[in-house]
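# no sequence on this one, just coordinates:
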């Protein structure tokens, strides 16, 4: 069973997860982080930047792997995930840019981009802590409904619902790419610790399906039920569809401090 932590708001979630990442980096200076984009993890990145600065922690050896990238956006496009990761993670945290990898979305090398990225993750020793968001369709990364639980990094076609959700980042909906390259559910599942963040009532259904529903490819995030170390950090609104809320609160309240999240 995933550990479910219900917090007051996104700021509280950011503080909780940032402290876990800070502790990981202190214990393992060359830690490998799995990095999600979008608005969901922003409070975590901001809190982590502050903690690293306040404690003067050396992050020069920390490595990172982004979950996904659009296919076909030109280099330097403001909505490419390479640009977003640089702006939201690398620069605020003062990570070494060469240590942070993003899947290659260039059209001319897309056939080999997936296996290339898998090899890079393996050569880095695997991901220690993977940050995840969740889409309304239950997708994590860009693993849309129907994705295999054993899937690896590969190109995927985005659903129209996901393209519509992401249209707010582009000038027009037609500019949202049709394809992406994403870590697979199998790739994500190899990370040693998964931290799934979700906020707001719009995510309540997806969270309930991921945590308490049947495991099914129709709800890709339900694959987290197979993982030995998962922490789901959500606010009250995102927890609204869960049946076992009382137990989740009880379990978290009675944890030993040394267990962390």
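Everything's here; your move. What you are looking at is a predicted structure, and each value in this text was computed from that prediction instead of being measured. Residues are numbered from 1 along each chain as shown.

# what about this protein, any weak spots by pLDDT?
For the chain, no stretch has pLDDT under 70.

# residue boundaries of the helices in it?
10-27, 42-54, 81-85, 91-93, 110-123, 160-166, 185-189, 204-212, 245-253 (DSSP state H).

# Which neighbouring elements make contact with the third one?
In terms of contact count using 3 or more CB pairs under 8 Å, 6 or more residues apart in numbering; DSSP states H and E, helix 81-85 is assigned the packing partners strand 63-66, strand 68-70. Any C-beta I mention is one placed from the backbone N, CA and C, and that applies to glycine too.

# now for the helices of the chain, which one comes closest to residue 134?
helix 204-212 (5.1 Å; CB to CB).

# can you count the residues close to the residue lying closest to residue 152 once chain neighbours are set aside?
Nearest non-adjacent residue to residue 152, counting by CB to CB, 6 or more residues apart in numbering: residue 184, 4.3 Å away. For residue 184, the count of nearby residues is 24 (other CB atoms under 10 Å).

# what's near enough to touch residue 184?
Going by CB atoms under 8 Å, 6 or more residues apart in numbering, residue 184 touches 141, 143, 147, 148, 150, 151, 152, 153, 154.

# Taking these together, which two end up most distant?
By the measure CB to CB, 141 and 150 form the most distant pair in the contacts of residue 184, at 14.2 Å.

# Those two: which has the busier surroundings?
residue 141 (30 against 11).

# Go ahead and confirm that one touches residue 188.
Yes - the pair residue 141 / residue 188 is scored as a contact, 6.3 Å apart, by CB atoms under 8 Å.

# which residues are common contacts for those two?
By CB under 8 Å, 6+ apart, residue 141 and residue 188 have these common neighbours: 67, 132.

# about what we covered before: which stretch among the helices of the chain comes nearest residue 234?
helix 204-212 (5.9 Å).

# So which elements touch the closest one?
Helix 204-212 packs on strand 194-198, strand 230-235, going by 3+ CB pairs under 8 Å, 6+ apart.

# Run through who's touching it.
With CB under 8 Å, 6+ apart, helix 204-212 has contacts from 2, 4, 134-138, 196, 198, 219, 221-222, 224-225, 232, 234, 237-244.

# PyMOL command for the buried members of the residues you listed?
A single PyMOL command selects the buried members of the contacts of helix 204-212 (16 or more other CB atoms under 10 Å):
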select buried, resi 2+4+134+135+137+138+196+198+219+221+222+224+232+234+237+238+239+240+241+242
